[in-house]
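S.K.: below are the sequence and a predicted model for it; my questions follow.
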Amino acid sequence: MRFLRQADALMMATLVTLGAATPAPAAPAAAAHAHAHPAEGPHHGTLIELGREDYHAELVHDEKADTVTIYILDAAATAAVPIATAPLTLNVRAGGTAQQFPLAAKPQSTDPVGTSSAFTTGDKRVGQALHAKGATGHLNVEIAGKRYVGRVGGHSHAH
């Protein structure tokens, strides 16, 4: 009987030693991810994640000028990313109605020729749709040959 107790003790000691040597499981990638970008864009607009934060878009609604502008930004949401000048499409669902709004390229002074990091529309219906209670939507954009869809929910205004 005493031999059995010693064997049990030896086995327990071995298991405890092996358990101590086994590294703890790595934290899931989502838990380890920290948002390294600001809460709002450089133009004080609402950020829209594109991909797994590969890029960001910033939505700015200027009520005085009655325009909506989308800025394409890098992963940190701080620097402009000029892309092809094809219009972007902003899809908004408000009051049970889905609407599509094209936004035309409005190149910034620092954008290379033939590219744009800003896209805008003066269509008053865009601002009205974005202000509607429960409005949601998505932005379709192609960057470096890859299509991205960003979820839109709420927005900020130019100051």
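M.R.: Here it is on my side, so go on.

S.K.: please name every helix or strand in contact with the helix or strand hosting Tyr71.
M.R.: Assigned by DSSP states H and E, Tyr71 belongs to strand 67-73. Contacts defined by 3 or more CB pairs under 8 Å, 6 or more residues apart in numbering; DSSP states H and E place strand 67-73 against strand 55-62, strand 88-94, strand 97-105, strand 118-121, helix 124-131, strand 136-143. (Glycine included, C-beta is placed from N, CA and C.)

S.K.: what's the closest non-adjacent residue to Ala118?
M.R.: Lys106 (4.7 Å; CB to CB, 6 or more residues apart in numbering).

S.K.: what about that neighbour, how many neighbours?
M.R.: Using other CB atoms under 10 Å, Lys106 has 17 other residues around it.

S.K.: residues contacting it?
M.R.: 69, 116, 118-120 (CB atoms under 8 Å, 6 or more residues apart in numbering).

S.K.: confidence-wise, which helix or strand of the protein is lowest on average?
M.R.: Scoring the helices and strands of the chain by mean pLDDT, DSSP states H and E places helix 29-32 at the bottom, with a mean of 36.
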